[in-house]
Structures are given as C-alpha cells and as structure tokens.
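Visitor: Mind folding the following:
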Amino acid sequence: MPPPVKPTGDRAPVVIVDDVHVEYKVFATGKRPSAADRKSLKLRGRGKQMRTVHALKGVSFTAKQNDSIGIIGTNGSGKSTLMRAIAGLTPTSSGAIYSQSRPSLLGVGAALLKDLSGERNVILGGLAMGFTMEEIEERYDEVVSFAGIEKFIDLPMRAYSSGMTARLKFAIASMATHEILIVDEALAVGDRKFRQRSEARIRDIRDNAGTVFLVSHSMQSIKDTCSRVIWLDQGTLIMDGDPDEVIREYHKAQDK
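Guide: Sure, this is the predicted structure:
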C-alpha cells in the first residue's frame, strides 16, 4: 500500500485531526440460547458481555481552507464516526480535533419536524441558522425549487418520501455559506439532476472560502466534487491525496 499523500500549500488550516481514537463500549450476546431458554424470562440479562469497538484508530490529517474532501471506505470503516467526531457529536477516546469554526453536519438523519409542513420546516431551519424572516423570505423560493418539492411544500413532512425529505434537508442546510460543511451520504438519495445541483452547490460553498467533507459510496460524485480523498479502512487512515489516485488504489484493494 502506498504511503499517505500529504497535501501542501499556503492555505490556512481549518480542521486538524490529531491522532484521534474513538472506542465504543457495547453489549454483545455470548452463547446463543436454545429455543426453550429464549421463552424463559429467567434468561433476561444473561449471556451479555461488554465489548469494545475501536471505531477510529489514530487518525490524523489537516483540512485547509477551500478543501473539498471525500471520505471513502467500506461499511463499518469509521467514516460517519469520523464526521460525527469532527462535528463534536461523538467524543474522542484519545487524541484531539481542532476546528476554526463549528462544523455543520448534514446527514440523511438530520431532524425535521414530521408534523409540520415543508414550508414551516424551511422557516424553522432558516431561523435556527440565524436568518431573519426577511432573509428567509428572500431565499424561500430558491430552497423549494432546489429541493424540487413545489407541489408538496404545504403538506406535512410525514407525507414526504425519504428522497423528498433528504432533498429538503440539503436545500435548507445549503441556504447558508458554511465555513465547514459535512455532507454524510445526503447526495445518495436524490436523482441524477438533484445530485448535479447538490454537487454544484458544494463547489459554490468550497469556492466561497468554505471547507467541505463529503461521505459517499458514489465514486463519481467524489471525483466530480472533491479536490482530495481520504480512505478509511476499519478505523485506520489508509491513504490521503489526489482523488483519482486514492480511488484507483481503493478499487484495487476491493478487487483482491
């Protein structure tokens, strides 16, 4: 495996990840009980053992201003754990993360209020990001059009498909120009036209002095959007560098 590529340049560091480890304590069931035992209430709580899952293992890198960094790896490689740690939602077990400003995490699990209409969620989302009502009104039509839900904007969110919900989440989050934006699989649920719009929006954020992290299994989205790629495997940083080079090595490893 080639050694990690260390990007160089005179742009200011925005996020520094310094030898970060993340460990989870989880219960695991030991010996599988028989059918008769499973019916017994006396079995409850027995057979469980505490296990440690080492989700990140000494990850280190520096993200600089205007970087758009793709994060790739198989399921369980630590991609989402790393993004949640950078966003401050998952504590590190050791090591440290420093950021110039608070990162904004956009994932398909981001919360919207299902009992409220799409319109009300756009307003509440804008207010949560610090916009005034006047500023929200100026951006409202663009957000709805970007999400492609003009015919459904007055319906409660519970009536939305998962794709419509994810498109609206991305549209609301991208109302603002984020200094540090983390997009975790949010592009995967949209159709081709929406992915193209989303990728263009990410490039706009990057070009306006923002730093973007994009977690995706779509190598084409990574290539089209990112200037740099980090490859994780079982919590370890395998490679960090040019998208074409890293993705090529990643595919070689998957083919073995």
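
Visitor: which residue ranges form the helices in the stretch 1-150 of the chain?
Guide: Here the stretch 1-150 of the chain has its helices, by DSSP state H, counting those that start in this stretch, at 35-38, 79-86, 118-128, 133-147.

Visitor: Could you say which one of those helices comes nearest to Asp67?
Guide: Asp67 lies closest to helix 79-86 among these, at 12.7 Å (Cβ to Cβ). All C-beta spots, glycine's among them, are computed from the backbone N, C-alpha and C.

Visitor: What lies in contact with the closest one?
Guide: Defining contact as Cβ atoms under 8 Å, 6 or more residues apart in numbering, one finds that helix 79-86 is touched by 15, 17, 20, 22, 55-56, 59, 71-73, 90-92, 97, 99, 103, 105, 107, 180, 182, 184, 213, 215, 232, 235.

Visitor: how about a cut-off of 6 Å?
Guide: For helix 79-86, the external contacting residues (Cβ atoms under 6 Å, 6 or more residues apart in numbering) are 22, 55-56, 71, 73, 90, 92, 97, 103, 182, 184, 215, 232.

Visitor: One more: stretch 193-212?
Guide: Residues contacting stretch 193-212 (Cβ under 6 Å, 6+ apart): 14, 63, 65-68, 167, 170, 174, 177-181, 187, 224-225.

Visitor: give me that answer again for 8 Å
Guide: 14-15, 63-69, 146, 148, 167, 170, 174, 177-183, 186-187, 190, 214, 218, 221, 224-227.

Visitor: so of those, which ones are in strands?
Guide: 14-15, 63-64, 68-69, 180-183, 214 (DSSP state E).

Visitor: Make CSV from those residues and add distance to Lys256, pLDDT and neighbour count to it.
Guide: As requested, the ones in strands among the contacts of stretch 193-212 are exported to CSV (distance: Cβ to Cβ, whole Å; pLDDT from 0 to 100; neighbours: other Cβ atoms under 10 Å):
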residue, distance to Lys256, pLDDT, neighbour count
Val14, 35, 94, 21
Val15, 32, 96, 21
Ala63, 30, 96, 25
Lys64, 33, 93, 18
Ser68, 29, 92, 25
Ile69, 25, 95, 25
Ile180, 35, 90, 23
Leu181, 34, 86, 23
Ile182, 30, 88, 26
Val183, 29, 85, 31
Leu214, 26, 90, 27
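
Visitor: Now compare the residues you listed and name the two farthest from each other.
Guide: Spanning the widest gap among the ones in strands among the contacts of stretch 193-212 are Lys64 and Val183, at 17.9 Å by Cβ to Cβ.

Visitor: nearest residue to Ser227 other than its sequence neighbours?
Guide: Distances taken as Cβ to Cβ, 6 or more residues apart in numbering place Ser68 nearest to Ser227, at 5.0 Å, with adjacent residues excluded.

Visitor: Okay, and the beta partners of the one you found?
Guide: Val212 (DSSP bridges).

Visitor: about what we covered before: can you flag which of the contacts of helix 79-86 belong to strands?
Guide: 22, 55-56, 71, 97, 182, 184, 215, 232.

Visitor: Nearest to Ser162, out of these: which one, please.
Guide: Asp184 (14.9 Å).

Visitor: does the closest one really touch Leu106, like I thought?
Guide: Yes - taking Cβ atoms under 8 Å as the definition, Asp184 is a contact partner of Leu106 at 6.9 Å.

Visitor: Just give the number of residues close to the residue found closest to Leu106 once you drop the neighbours it is linked to in the chain.
Guide: In space, and not counting its chain neighbours, Leu106 is closest to Ala173: 4.4 Å by Cβ to Cβ, 6+ apart. Neighbourhood size, Ala173 [other Cβ atoms under 10 Å]: 22.
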